[in-house]
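[1] Build me a structure from this.
(2 chains)
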Amino acid sequence: MKGFQAFMERYFMPVAGRLAEQRHLKAVRDGIIAVMPLLIIGSIFLIISSPPYEPWAEFMAPFAASLSIPVDATFGLLGLIAVFSIAYSLAKSYGMDGLSAGVLSTAAFFVATPLTEEGNIPLNLMGSQGLFIAILLAITTVEIFRFFEKRNIVIRMPDTVPPSVWRAFTALIPGAVIITLVWGVDLLLRSSWDLSLHGVVGAVLREPLEMLGGSFWGAMIAILLIHLLWSFGIHGISVVASVMAPIWYSLTEQNVAAQRAGEELPHIVGQPYMAIWWAVGGSGMALALTLLFLFLAKSKHLKGLGRGSIGASIFNISEPVIFGAPVVMNPLLIIPFILAPLAVGIITYFSMSIGLVGKPYVIVPWTMPPPFSGILTTGDFRGGILMLVNIAVAMFIYFPFFKLYDKQLLKEEEERKETAAAAKEEEA
Amino acid sequence: MKITLLCALGMSTSLLVKKMNQEAENQSIDAVIEAHSVDDIEKQLKTADVLLLGPQIRYKKNTLFKQADEAGVPIAIIDMKAYGMLDGKAVLEQAIALKK
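    Sure, this is the predicted structure:
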């Protein structure tokens, strides 16, 4: 295990570090995090407009249309807001003017968006359907902008002109190039093949990625990877989400759209599945392990840890248990730490796919305690029951490993007590 | 002195901060201790005397240590065991030793 750890620290850690620090991935992640509060606010309106309780839902039905306005303005604008905030973050990371980059890429986004027959902006392309083209355009815009700035192909102003004025002029030449370029590409696609940029990016990028990321196996691989990383004490979800987050959000927004249209929800895997369902008490279903420590541990160490970390664990913070037990680099606990979330992931997936429990479509803060998180994300009271079953299953998987480890610690603690007592006797 | 703890979101380190504050009070050490998200490092470097990283983000060590070095702020990774046990005393000692 020591040798393996050294191997991981030497070769794997730098890769994870580079992935997490990669400028464009980081900008995409930061840009999407900026939309997060909106998605949670939108979720609140979504739950009010279609509550999980039938009589209440009937009561709310007349208000559904007006309640959909805040949902449209939050969930429905995921792509539009992301194009601005991703360009902003990326430009900032280069030390460039974030505001100009955001404004330009938003304009580029609209150039690429075909209007409806009545000449309106199509709302459906502003949400998750537009997310991938938003990412692409934000990055392209900033890179072109940077190219011009680096080579000094910008309109310079005398020093006496206030910065807010010359900043607008700096963006003129690169901005014109970006808009013309996007317009030209879109025109070419439209006139030659009757395609739109939205359509092409959707077919080439979005659909394949969503198919992979939204599939059962895609989810299992992600869960496995997250927990392997945690086993070495690395924040697994941060690393994996730096690549997968756009896909998960996009899948969830499609569920939101289907829910509002009264259609069957297309996806199980998405943001709530990945942030909430297999992570009760934090990564590794850590609440199950914390409960075992709290109620069944005989060793002082685990008992104390259970008492100390149960508060954090209820709110899905798992670091105290992961580093305190420790799970990290502890082969005995790593096994159930990986198996429990996988088992829960499988049970959850199949319970949802055969319709025992509703599919998740509501985004809640990840600190939402169970079983409320289960009820709220699915808008289904049975979601809460499934979550409790999941915790029980995880406890069952952890139990034999916990027992062995507890016994081992207890023995060590007693030995230490004996040597201490013996030393005292000698002193006397 | 100001001790700043960084982790992915500043959530789990905030638990540790509470314990460290208690410990500082007990020992009557004059210290301001805060937890923040690692994404805020640039802002935090301006005010912190000592920077401590949660072990779960040590994979970002290379970039973060370089940034701290350039700002002349001593930085270290919190010992895993002390982190897990929320051992405020040990981490406070680590921070003070780092400052010296």
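[2] quick one: the strands in chain B?
    Counting by DSSP state E, chain B has strands at residues B:2-7, B:32-37, B:50-53, B:75-77.
[3] Of all the ones you listed, which one is nearest chain A?
    Counting by C-beta to the nearest C-beta, chain A lies closest to strand B:2-7 out of the strands of chain B; the figure is 7.5 Å. Using the backbone N, CA and C atoms, a C-beta is placed for each residue, glycine as well.
[4] With only the CA atoms kept, save that closest one in PDB.
    Once non-C-alpha atoms are left out, strand B:2-7 reads as follows in PDB (Å, rounded to 0.1, in the frame of the first residue of the first chain):
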ATOM      1  CA  LYS B   2      -4.200  35.700  10.600                       C
ATOM      2  CA  ILE B   3      -4.500  32.100   9.700                       C
ATOM      3  CA  THR B   4      -6.400  31.200   6.600                       C
ATOM      4  CA  LEU B   5      -7.600  27.600   5.800                       C
ATOM      5  CA  LEU B   6      -8.500  26.700   2.300                       C
ATOM      6  CA  CYS B   7     -10.400  23.700   1.000                       C
END
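[5] Mind listing the strands it pairs with, and their directions?
    Strand B:2-7 sits in its sheet next to strand B:32-37 (parallel), strand B:50-53 (parallel), going by DSSP bridges.
[6] if we can go back for a sec, could you export the strands of chain B as CSV, including mean pLDDT and mean neighbour count?
    Listed next are those as CSV, based on pLDDT from 0 to 100; neighbours: other C-beta atoms under 10 Å in any protein chain shown:
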stretch, mean pLDDT, mean neighbour count
strand B:2-7, 89, 24
strand B:32-37, 90, 19
strand B:50-53, 90, 25
strand B:75-77, 90, 19
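[7] Same list (these) but as CSV, adding distance to residue A:217.
    Shown next, in CSV, are the strands of chain B (distance: least, C-beta to C-beta, whole Å):
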stretch, distance to residue A:217
strand B:2-7, 31
strand B:32-37, 32
strand B:50-53, 34
strand B:75-77, 35
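[8] And the ones you listed: which comes nearest residue B:25?
    The closest approach between residue B:25 and any of these, judged by C-beta to C-beta, belongs to strand B:32-37 at 10.5 Å.
[9] how about the CA coordinates for the closest one, as PDB?
    Once non-C-alpha atoms are left out, strand B:32-37 reads as follows in PDB (Å, rounded to 0.1, in the frame of the first residue of the first chain):
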ATOM      1  CA  VAL B  32      -7.900  35.500  13.400                       C
ATOM      2  CA  ILE B  33      -8.700  32.200  11.800                       C
ATOM      3  CA  GLU B  34     -10.900  31.900   8.700                       C
ATOM      4  CA  ALA B  35     -11.900  29.200   6.200                       C
ATOM      5  CA  HIS B  36     -12.300  29.900   2.500                       C
ATOM      6  CA  SER B  37     -12.700  28.300  -0.900                       C
END
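[10] still on that earlier bit, show me the one of the strands paired with strand B:2-7 that comes nearest residue A:233.
    Proximity to residue A:233 (C-beta to C-beta) singles out strand B:50-53 among the strands paired with strand B:2-7, at 11.7 Å.
[11] Just checking the distance from the closest one to the centre of its chain.
    Going by C-alpha atoms, centre = their mean, to the nearest Å, the spacing between the C-alpha centre of strand B:50-53 and its chain's C-alpha centre is 3 Å.
[12] Next up, the contacts around the nearest residue to residue A:319 once chain neighbours are set aside.
    When the adjacent residues along the chain are set aside, residue A:319 lies closest to residue B:12, with 3.8 Å between them (C-beta to C-beta, 6 or more residues apart in numbering or on different chains). By C-beta atoms under 8 Å, 6 or more residues apart in numbering or on different chains, residue B:12 lies in contact with A:312, A:317, A:319-320, B:54, B:56.
[13] and the gap between residue B:12 and residue A:282?
    The span separating residue B:12 from residue A:282 equals 9 Å under the rule C-beta to C-beta, to the nearest Å.
[14] Find the residues that touch each one of the two.
    Shared contacts of residue B:12 and residue A:282, defined by C-beta under 8 Å, 6+ apart, comprise A:317, A:319.
[15] For the residue of chain B found nearest chain A, give me its contacts.
    Nearest residue of chain B to chain A, counting by C-beta to the nearest C-beta: residue B:84, 2.8 Å away. Residue B:84 makes contact with A:305, A:319-326, according to C-beta under 8 Å, 6+ apart.
[16] which of those residues sit farthest apart?
    Maximum distance among those (C-beta to C-beta): 11.8 Å, for A:305 and A:319.
[17] Residue numbers of chain B in contact with chain A?
    Residues of chain B lying near chain A by C-beta under 8 Å from any C-beta of the partner chain: B:7-8, B:11-12, B:15, B:39, B:54-63, B:80-81, B:83-86.
[18] can you pull out the helices in the stretch 251-400 of chain A?
    Listed from the start of the chain, the stretch 251-400 of chain A has helices (DSSP state H, counting those that start in this stretch) covering A:271-272, A:286-296, A:300-314, A:319-324, A:331-353, A:372-378, A:381-427.
[19] What residues does chain A have near chain B?
    For chain A, the residues in contact with chain B (C-beta under 8 Å from any C-beta) are A:13-14, A:16-17, A:20-21, A:30, A:230, A:233-235, A:238-239, A:304-305, A:308-309, A:312, A:317, A:319-326, A:328, A:367.
[20] and with 6 Å instead?
    Along chain A, the residues adjacent to chain B under the rule C-beta under 6 Å from any C-beta of the partner chain are A:13, A:16-17, A:20-21, A:233-235, A:238, A:312, A:317, A:319-320, A:323-324, A:326.
[21] average pLDDT across stretch A:65-74?
    For stretch A:65-74, mean pLDDT rounds to 82.
[22] Pull out the buried residues from that stretch.
    By neighbour count on 16 or more other C-beta atoms under 10 Å in any protein chain shown, the buried set for stretch A:65-74 is A:67-68, A:70-71, A:73-74.
[23] now stretch A:224-237
    Of the residues in stretch A:224-237, those buried under the neighbour-count criterion (16+ other C-beta under 10 Å) are A:224, A:226-237.
[24] ok, now stretch A:367-378?
    Of all the residues in stretch A:367-378, those buried under the rule 16+ other C-beta under 10 Å are A:368, A:370-371, A:373-378.
[25] export the helix or strand of chain B with the lowest mean pLDDT as PDB, just CAs?
    Within chain B, no helix or strand scores below helix B:80-84, which has a mean of 83 by mean pLDDT, DSSP states H and E. As requested, the backbone C-alpha atoms of helix B:80-84 are provided in PDB (Å, rounded to 0.1, in the frame of the first residue of the first chain):
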ATOM      1  CA  MET B  80      -4.600  14.300   7.400                       C
ATOM      2  CA  LYS B  81      -5.100  12.800  10.800                       C
ATOM      3  CA  ALA B  82      -5.400  16.100  12.600                       C
ATOM      4  CA  TYR B  83      -7.700  17.300   9.900                       C
ATOM      5  CA  GLY B  84     -10.000  14.300  10.200                       C
END
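[26] buried set for it?
    Neighbour counts using 16+ other C-beta under 10 Å place B:80, B:82-84 of helix B:80-84 among the buried residues.
[27] Same check on stretch A:262-272?
    Within stretch A:262-272, the residues that count as buried by 16+ other C-beta under 10 Å are A:265, A:267-272.
[28] Tell me how many other residues surround residue A:223.
    Around residue A:223 sit 26 other residues, with neighbours defined as other C-beta atoms under 10 Å in any protein chain shown.
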